[in-house]
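1. From the sequence below, what's the structure:
(one chain, ligands or ions: 1)
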Amino acid sequence: MNERETLKINAAGHLEIGGADCVSLAERFHTPLYVFDEAHIRTMMRVLRRTFEEEYGGRGLVLYASKAFSCKAIYAIAQAEGIGADVVSGGELYTAMQAGFPPEKIFLHGNNKLPSEISYALDCKVGCIVLDALSEADLVEAEAARRGVVQNVLIRVNPGVEAHTHAYIQTATTDSKFGFSVADGSARRMTETVLRLPHLRLLGYHCHIGSQIFEKEAFVLAAQKLLAFVAEIKRSIGFEAQALNLGGGFGIWYAEGDAKLRPQDYRGYLSALIAAVKRECARLSLRPPFLFVEPGRCIVGEAGITLYTVGTIKEIPNVRSYLAVDGGMFENPRYCLYQAKYSAVLANRANEPATELYAVAGKCCESGDLLGVNFNLPKAKRGDLLAVFSTGAYNYSMASNYNRNLVPPAVLVRDGRAEYIVRPQTYEDLVRNDVLPNFTDR
Ligand code: LLP
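-> Numbering: from 1, shown residues only. A predicted model of the protein is given here:
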């Protein structure tokens, strides 16, 4: 396993990622640019996969939550590392299929899967569909019956544990668009319904309690609640779940205040879950189920950085200094959406002391278009190269063409080599689907 540091500063004082000098990357691929370190991604996948192998007799499968970063290359890497993938739309499924990903290792999620997506998933022969609504069970049943197949399914349940970044709460009934509540009996009623449908094979249950969570206890509590529910269903209707999917959500480092874990430290999260499952199964006389987890952020988040060229700098005395870059909310909307924190360095002068405080602004026509307001950096000037850390998850995947800016390309770096995994968009791409209607006078 490659334990090399993802990021370091080289002799020239430049930031390096995966052995590649960021200044050279920016010269070759231009900015803004998403850069991913392949070794980091593979190490994360491997650490989690091996934990199942070594601590649970291989009776578990890691599913990469591809909403965090979906493109053909990431599915190819996941496949090579022997893990599965979770997809939440026809588009993610299509991308995985185009990458040649084994469909039996694909789980389809979503609170409102379109009939066309369900039909496509059955055409692809996905391994499992996670049911999120009563009407969805009927749709999957009909599609499976039409094909004369039996489709594996899980039921998404709401175990009454909700985790937020630095806290978790237990709730009796949860106000969520996702899943069936354990507390109000709807998860049990859904179980009875699904068991009656001849073309559905109910493997068990799924839950996901939140994202960017550091507390192992929150995951453990959710597993305990899920197993208590499994035991109750076994006792009352005689169905014993053979598989549980405990979702994703492991937290990553973004900025000061976040725990900084090494890839191998994530083993601890899975170990705690596995231990809790074994303990609860023994206590409740259940057969330990096959386990799935579906982390996204921790696999790709810290593996990725974004490189920008510094443009205008506006110093407003006694107010703040704005440093504008060639990106913005169109390629990283997370500060705008969640006030997400990030940290950064000037990649071309990474050794220099950070003496200034900047608000980093994007180039969109909107005052709120910021990447954050608290970046400690050396005094910056036009042409400097800004590297923002931990942008590998939910940046590219949430990018848009707002203001008709181009979604930046992504490159994968490995031992100093770099190649596109997502090529640059062009202006022609922007107008590719535009049509001038015939009835409009010109
Ligand atoms: N499984 C399910 C059912 C999920 O809903 C999610 C994330 C995951 C797995 C993966 O969670 P992760 O390991 O990546 O935390 N756009 C937001 C994050 C939304 C997460 C949605 N669900 C952000 O940028 O922070």
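
2. interface residues of the stretch 1-150 of the chain facing the ligand?
-> Those residues of the stretch 1-150 of the chain that sit near the ligand, judged by C-beta under 6 Å from any ligand atom, are 65, 68, 86, 109. Where you see a C-beta, it was placed from the backbone N, CA and C, and this is true even at glycine.

3. Now for residue 431, how many residues are close by?
-> 10 (other C-beta atoms under 10 Å).

4. for it, phi and psi?
-> phi -100, psi 0 (degrees, to the nearest 10).

5. any idea how far it is from residue 399?
-> Spatial separation of residue 431 from residue 399 under the definition C-beta to C-beta, to the nearest Å is 18 Å.

6. got it, and residue 204?
-> Taking C-beta to C-beta, one finds residue 204 at 35 Å from residue 399.

7. List the buried residues in stretch 101-121.
-> 101, 103, 105-110, 113, 117-121 (16 or more other C-beta atoms under 10 Å).

8. got those residues as JSON lines, with secondary structure columns?
-> Below are those laid out as JSON lines (DSSP: H, G, I helix; E, B strand; the rest coil):
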{"residue": "101", "secondary structure": "coil"}
{"residue": "103", "secondary structure": "helix"}
{"residue": "105", "secondary structure": "helix"}
{"residue": "106", "secondary structure": "strand"}
{"residue": "107", "secondary structure": "strand"}
{"residue": "108", "secondary structure": "strand"}
{"residue": "109", "secondary structure": "coil"}
{"residue": "110", "secondary structure": "coil"}
{"residue": "113", "secondary structure": "coil"}
{"residue": "117", "secondary structure": "helix"}
{"residue": "118", "secondary structure": "helix"}
{"residue": "119", "secondary structure": "helix"}
{"residue": "120", "secondary structure": "helix"}
{"residue": "121", "secondary structure": "helix"}
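
9. For residue 132, state which of those residues is nearest.
-> Lowest distance from residue 132 to these (C-beta to C-beta) belongs to residue 110, with 6.6 Å.

10. wouldn't residue 29 be in contact with residue 413 here?
-> No: contact between residue 29 and residue 413 fails when scored by C-beta atoms under 8 Å: they sit 10.5 Å apart.

11. shaky segments in this protein?
-> The model of the chain has pLDDT under 70 over residues 1-4, 164-174.

12. domains for it, by residue range?
-> For the chain, the structural domains run 7-30+303-429, 38-300, going by automatic domain parsing.

13. Flag every residue of the stretch 251-400 of the chain that's near the ligand.
-> Residues of the stretch 251-400 of the chain lying near the ligand by C-beta under 6 Å from any ligand atom: 294, 295, 296, 297, 298, 334, 338, 393, 394.

14. Residue 204 and residue 399: who's more crowded?
-> residue 204 (25 against 21).

15. What residues does that one make contact with?
-> Contacts of residue 204 were listed using C-beta atoms under 8 Å, 6 or more residues apart in numbering, and they are 154, 155, 230, 241, 242, 243, 244, 245, 289, 290.

16. possible to save those residues as JSON lines with secondary structure and neighbour count?
-> Listed next are the contacts of residue 204 as JSON lines, based on DSSP: H, G, I helix; E, B strand; the rest coil; neighbours: other C-beta atoms under 10 Å:
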{"residue": "154", "secondary structure": "strand", "neighbour count": "24"}
{"residue": "155", "secondary structure": "strand", "neighbour count": "24"}
{"residue": "230", "secondary structure": "helix", "neighbour count": "24"}
{"residue": "241", "secondary structure": "coil", "neighbour count": "23"}
{"residue": "242", "secondary structure": "coil", "neighbour count": "14"}
{"residue": "243", "secondary structure": "strand", "neighbour count": "19"}
{"residue": "244", "secondary structure": "strand", "neighbour count": "27"}
{"residue": "245", "secondary structure": "strand", "neighbour count": "27"}
{"residue": "289", "secondary structure": "coil", "neighbour count": "22"}
{"residue": "290", "secondary structure": "strand", "neighbour count": "18"}
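
17. what's the most distant pair in the residues you listed?
-> 155 and 290 (15.3 Å).

18. need the helices for the stretch 51-200 of the chain, in chain order.
-> 72-80, 90-98, 115-124, 134-147, 186-196 (DSSP state H, counting those that start in this stretch).

19. Report the inter-axis angle for the third one versus helix 134-147.
-> When you say that, I think you mean helix 115-124. Angle of helix 115-124 versus helix 134-147, following axes from the mean of the first three to the mean of the last three C-alpha atoms, to 10 degrees, is 40 degrees.

20. can you pull the alpha-carbon coordinates of helix 115-124 into CSV?
-> Output in CSV follows, covering the C-alpha atoms of helix 115-124 (Å, rounded to 0.1, in the frame of the first residue of the first chain):
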residue,chain,number,x,y,z
PRO,A,115,-39.6,5.0,-13.7
SER,A,116,-37.1,5.3,-16.5
GLU,A,117,-34.2,5.0,-14.1
ILE,A,118,-35.7,1.9,-12.5
SER,A,119,-36.2,0.4,-15.9
TYR,A,120,-32.6,1.3,-16.9
ALA,A,121,-31.3,-0.2,-13.7
LEU,A,122,-33.0,-3.5,-14.4
ASP,A,123,-31.7,-3.4,-18.0
CYS,A,124,-28.2,-3.0,-16.5
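
21. What's the separation between residue 78 and the ligand?
-> Look at residue 78 and the ligand: by C-beta to the nearest ligand atom, to the nearest Å, they are 14 Å apart.

22. can you count the residues close to that residue?
-> Quick note: residue 78 (other C-beta under 10 Å) scores 24 neighbours.

23. My read is that it contacts residue 101, right?
-> Yes: contact criterion C-beta under 8 Å: residue 78 and residue 101 qualify, at 7.2 Å.

24. Next, show the common contact partners of these two.
-> What both residue 78 and residue 101 touch, as defined by C-beta under 8 Å, 6+ apart, is the set residue 85.

25. thinking again about what came up before, identify the farthest-apart pair in the buried residues of stretch 101-121.
-> Pairwise over the buried residues of stretch 101-121, using C-beta to C-beta, the maximum falls at 105 and 119, 20.2 Å.

26. what's near enough to touch the spatially closest residue to residue 68 that is not a sequence neighbour?
-> Excluding the flanking residues, the one nearest residue 68 by C-beta to C-beta, 6 or more residues apart in numbering is residue 296, at 3.0 Å. Applying C-beta under 8 Å, 6+ apart, we find residue 296 in contact with 64, 65, 66, 67, 68, 69, 86, 248, 393, 394.
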